[in-house]
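In: Please find the sequence and the predicted model below.
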Amino acid sequence: MELHESTQDGVTIIAPKGNINRATSPELQARLGPMVEEGRSVVVDLSEAATVSSAGLRVMFIIAKAAGENSKFVLASPNEMVADILNVTGFASLITVKDDVESAISYVNSQ
Amino acid sequence: MALLDFTLPSSIEELQSVADRVDAVAEQQGWSQKAVFALQVTLDEWLSNVITYSLREDTSQSIRVVVEESGQEVVTQVEDHGEPFDPSGKVVPETLDETLSGRREGGMGLFVMHHLLSGISYERQDNRNIVTLRISL
């Protein structure tokens, strides 16, 4: 997994590329944790994330919970298989998921 | 002949090299993204489970992984010498509350595996757990 970072309209976009699995998810957690603690709004662009296993889901949930009321944390652009996993596990009802990065940014900035 | 046949030490850090090997063989075989997704995720779930629970991260222990293509399926066999554990039974979907409170650690991984696999079987032979994961191509 590689992590690419960019900023658009005041929102930090983190784009993991490759497999978000038991071995790589701690790196994602270490990167996202301080951002949401600082109160930054973060969109995780999943368009290049080939896979997300339950270890990855767990990290997303921990971060979403840490973000709480102070910052916004939104997932965007999951591939068909990742979207399916988010749905069957029920995570899609706990974390905001948008179809693309643009709508995720609009959502964050409208809150 | 197996497409992949290797052993890895019982360590979470090794899982990235497993993912890289799977990506390489998937590209070589031209498997669909859906099949590759199922193989990557189910192997990650099962190997994490074996390393953490059956082998308790004892890095002196090793796990054997064999991946083959058979007919319209990818068939993966995982063998370890850890505590007996049969993942093939029906999995009761845990509630998110149970998962997130950590009361049923590993339960979500098993649920995800059953969701993605076309078949899963278990044998206990000579003090080894042998789990076979089947994915439709």
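Out: Now that the structure is in, tell me what you want to look at. Numbers count the residues shown, from 1 in each chain, chains lettered A, B, ... in the order given.

In: can you give me the helices for chain A?
Out: A:25-37, A:54-67, A:80-88, A:101-110 (DSSP state H).

In: Return the most buried member of the ones you listed.
Out: helix A:54-67 (a mean of 21; mean count of other CB atoms under 10 Å in any protein chain shown). Every residue, glycine included, has its C-beta placed from N, CA and C.

In: Please go through chain B and pick out the longest helix.
Out: helix B:33-49.

In: Confirm for me that A:Ala23 is in contact with B:Ile12.
Out: Yes: contact between A:Ala23 and B:Ile12 holds when scored by CB atoms under 8 Å: they sit 5.9 Å apart.

In: Look at these two and report which has more neighbours.
Out: Between A:Ala23 and B:Ile12, counting by other CB atoms under 10 Å in any protein chain shown, A:Ala23 is the more crowded of the two (23 against 17).

In: can you tell me how far that one sits from chain B?
Out: For A:Ala23, the distance to chain B equals 4 Å [CB to the nearest CB, to the nearest Å].

In: swap in A:Asn19?
Out: Noted for A:Asn19: a distance of 5 Å to chain B, by CB to the nearest CB.

In: Which pLDDT value goes with residue 90?
Out: Looking at chain A here, since you left the chain open. We note a pLDDT of 88 for A:Gly90 in this prediction.

In: other chain: chain B
Out: pLDDT at B:Lys90 comes out at 68.

In: about what we covered before: possible to save the helices of chain A as CSV with distance to chain B?
Out: Output for the helices of chain A, formatted as CSV (distance: least, CB to the nearest CB, whole Å):
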stretch, distance to chain B
helix A:25-37, 9
helix A:54-67, 4
helix A:80-88, 4
helix A:101-110, 20
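
In: Distance to B:Val67 added to the ones you listed, as a markdown table?
Out: Listed next are the helices of chain A as a markdown table, based on distance: least, CB to CB, whole Å:
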| stretch | distance to B:Val67 |
| --- | --- |
| helix A:25-37 | 23 |
| helix A:54-67 | 21 |
| helix A:80-88 | 19 |
| helix A:101-110 | 34 |
